[in-house]
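Engineer: what follows is a predicted protein model with its sequence.
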Amino acid sequence: MEYRIRIKEICIENLKNVKYGRIDLRESKDNHVSMLGLYGQNGSGKTTLIDALDILKFYLMGTEIKQDYANMITQGKEYSCLAYVFELNDDEKSYENQYLVNLSFSFRKKDIKIESNDIQDKYKGKETILEVFNEVISFAYKSKEENIRENTIIDTSDSNTFKPESKYKEIFGNDKEIKERVIIDKNHTNKSSKSYIFSDEFITLFNSKCENSHYKFLINALNSYGKSNLNVLYTASIDKVDNQLMPMYLYNISDKKIISGVLAIDLIRPSIAPEAIYKNVKNAFDQINIVLKQLIPNMQLRINELGKETNKNMIPCIIFELISERDGFSIPLRFESAGIRKIISTLSLLITVYNNPNMTVAIDEIDSGIFEYLLGEIMNIFSDGAKGQLIYTSHNLRALETINKDFTAFTTTDENNRYIHFKGIKSNNNLRDYYFTDIVFGEQEVETYQKTNKYEIALALHNAGVIDG
């Protein structure tokens, strides 16, 4: 079945410096473009939005959420709560047959007793994990033939299994053995930092027993979306594009199978790719070359295939190296600038999100290493015609002059109302100038910039320089 998934709203509670923040992701009516650029002061909650999407990806995949996020719960709070609204259309061409899905869950730190024969583990006695709890998923559905009001499918709070009881019985019936299995699986996932609803254990049992086509479509579509179509990139990982390794973000469809992931390109020594996916690697570079020469005039990448060998896991692999060619000159890719390598590193995903309606890409600090004018042009192109959903943060304000104003949001200084869309913007306003004006005069209802004083900064720099080591 062809379908499209869009995130319509994100709500964050008690994550890092965001006690509460809500953002809606808007869509143009004429060509269904959906995009969000988040702008704001350093340390004001931009990356926290990307964190919320990263957590969502692991949650929907049913894999362990990074333990680091347990340490990012707002100081003084017991747990974080994340909520998302999705729009799913099971008719890609007409965007009819619309599901509206509400998904929420919380997570907290939890100490668990270590059961181990290892002497060191026994000495420690316990370990701290991230526990996912209070998972709730509900939906409404509208088509020409059928209307379903919003109703909860699964709510894991305050129950050995889940509620509503009527939905549990509809899905699993009254079998006692299945109920015992559900309780065991739920307790197991609680101790493994994973979602219960999207765990392999639940989905396997759910697919074998559930006969409701709406439930099955939604759970499996969201699980697949997390595994293949929601991609999150951080500056921290992109900045690994140094003179040794370059992460290559791949997304390719071959024989109706989705190949996605990160391939580490070695810039010092020849790189290695499993033979089974080497064709997809070549296809990705063919796609990149089509766009690359338009972004960086006359530049192309060439794959120099060096041979074959079997790795330590006995998997046949292709050995290759990347060469940059421009204006008749060929040099190893490692000698290109960090900015160029970052563009190459992410270009495969950007190509995919531009062309694939079911793709969401979130990038923290998309402006890192990219020339200001070029960034504005790229964002303008996505604003006018991207089929997928692009979410990004940026310090560079050039794109504010080139993209649809509805596709922007801004951080505030209020930790209880961390994100806003500007009000009172006219079609002929320059949004970049409008933002600067608000920073100086504070014309929005909520302050968007915590004032800094250049004279105090200068004095601080001077005082720091005279401290004896």
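Structural biologist: Looks like it came in fine.

Engineer: show me the contact partners of the helix or strand containing residue 224.
Structural biologist: Taking DSSP states H and E as the definition, one finds residue 224 inside helix 213-224. Here helix 213-224 makes contact (C-beta atoms under 8 Å, 6 or more residues apart in numbering) with 1, 3, 5, 60-62, 86, 88, 90, 99, 101, 103, 137, 139, 141, 148, 153, 171, 197-198, 203, 206-207, 210. Bear in mind the C-beta positions are built from the backbone N, C-alpha and C, glycine included.

Engineer: could you give the mean pLDDT of stretch 422-437?
Structural biologist: Per-region confidence: stretch 422-437 scores 87 on mean pLDDT.

Engineer: swap in stretch 279-292?
Structural biologist: For stretch 279-292, mean pLDDT is 88.

Engineer: in PDB, list the C-alpha atoms belonging to it.
Structural biologist: Output in PDB follows, covering the C-alpha atoms of stretch 279-292 (Å, rounded to 0.1, in the frame of the first residue of the first chain):
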ATOM      1  CA  LYS A 279      25.600  -1.400  -6.100                       C
ATOM      2  CA  ASN A 280      23.500   0.800  -3.800                       C
ATOM      3  CA  VAL A 281      26.700   2.700  -2.900                       C
ATOM      4  CA  LYS A 282      27.400   3.400  -6.500                       C
ATOM      5  CA  ASN A 283      23.800   4.400  -7.200                       C
ATOM      6  CA  ALA A 284      24.000   6.900  -4.300                       C
ATOM      7  CA  PHE A 285      27.200   8.500  -5.700                       C
ATOM      8  CA  ASP A 286      25.600   8.600  -9.200                       C
ATOM      9  CA  GLN A 287      22.700  10.600  -7.600                       C
ATOM     10  CA  ILE A 288      25.100  12.800  -5.700                       C
ATOM     11  CA  ASN A 289      27.100  13.600  -8.800                       C
ATOM     12  CA  ILE A 290      23.900  14.900 -10.600                       C
ATOM     13  CA  VAL A 291      23.400  17.500  -7.900                       C
ATOM     14  CA  LEU A 292      26.900  18.100  -6.800                       C
END
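
Engineer: in strands, which of the contacts of helix 213-224 appear?
Structural biologist: With DSSP state E as the criterion, strands contain 5, 86, 88, 90, 99, 101, 103, 137, 139, 141, 148, 153 from among the contacts of helix 213-224.

Engineer: tell me which residues touch the closest residue in space to the third one that isn't next to it in sequence, please.
Structural biologist: Counting by C-beta to C-beta, 6 or more residues apart in numbering, residue 88 lies nearest to residue 99, which is 4.1 Å off, once chain neighbours are set aside. Residues counted as contacts of residue 99 (C-beta under 8 Å, 6+ apart) are 86-90, 139-141, 214, 217-218.

Engineer: can I get stretch 71-91 in PDB? Just the C-alpha atoms.
Structural biologist: Taking C-alpha atoms only, stretch 71-91 is exported to PDB below (Å, rounded to 0.1, in the frame of the first residue of the first chain):
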ATOM      1  CA  ASN A  71      20.500  12.200  32.000                       C
ATOM      2  CA  MET A  72      18.800  14.900  29.900                       C
ATOM      3  CA  ILE A  73      15.600  15.000  32.000                       C
ATOM      4  CA  THR A  74      15.200  18.600  33.200                       C
ATOM      5  CA  GLN A  75      16.900  19.100  36.500                       C
ATOM      6  CA  GLY A  76      14.400  18.700  39.400                       C
ATOM      7  CA  LYS A  77      11.900  16.800  37.300                       C
ATOM      8  CA  GLU A  78      11.200  13.000  37.700                       C
ATOM      9  CA  TYR A  79      10.500  12.300  34.000                       C
ATOM     10  CA  SER A  80      10.300  13.600  30.500                       C
ATOM     11  CA  CYS A  81       7.100  13.400  28.400                       C
ATOM     12  CA  LEU A  82       7.100  13.500  24.600                       C
ATOM     13  CA  ALA A  83       4.000  13.700  22.400                       C
ATOM     14  CA  TYR A  84       3.600  13.700  18.600                       C
ATOM     15  CA  VAL A  85       0.800  14.100  16.100                       C
ATOM     16  CA  PHE A  86       1.100  12.300  12.800                       C
ATOM     17  CA  GLU A  87      -0.900  12.500   9.600                       C
ATOM     18  CA  LEU A  88      -1.000   9.300   7.600                       C
ATOM     19  CA  ASN A  89      -2.600   9.200   4.100                       C
ATOM     20  CA  ASP A  90      -3.100   5.800   2.600                       C
ATOM     21  CA  ASP A  91      -3.800   7.300  -0.800                       C
END
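
Engineer: out of the contacts of helix 213-224, which end up buried?
Structural biologist: For these, a burial check counting by 16 or more other C-beta atoms under 10 Å picks out 3, 5, 60-62, 86, 88, 90, 99, 101, 103, 137, 139, 141, 153, 171, 197-198, 203, 206, 210.

Engineer: nearest to residue 186, of the contacts of residue 99?
Structural biologist: residue 218 (19.6 Å; C-beta to C-beta).

Engineer: and stretch 72-92, how far out from the chain middle?
Structural biologist: Relative to its parent chain, stretch 72-92 has a centroid offset of 12 Å by C-alpha atoms, centre = their mean, to the nearest Å.

Engineer: rounded mean pLDDT for it, please.
Structural biologist: For stretch 72-92, mean pLDDT rounds to 90.

Engineer: burial check on residue 372, number of neighbours?
Structural biologist: 12 (other C-beta atoms under 10 Å).

Engineer: Three-state assignment for residue 128, please.
Structural biologist: When classified by DSSP: H, G, I helix; E, B strand; the rest coil, residue 128 comes out as strand.
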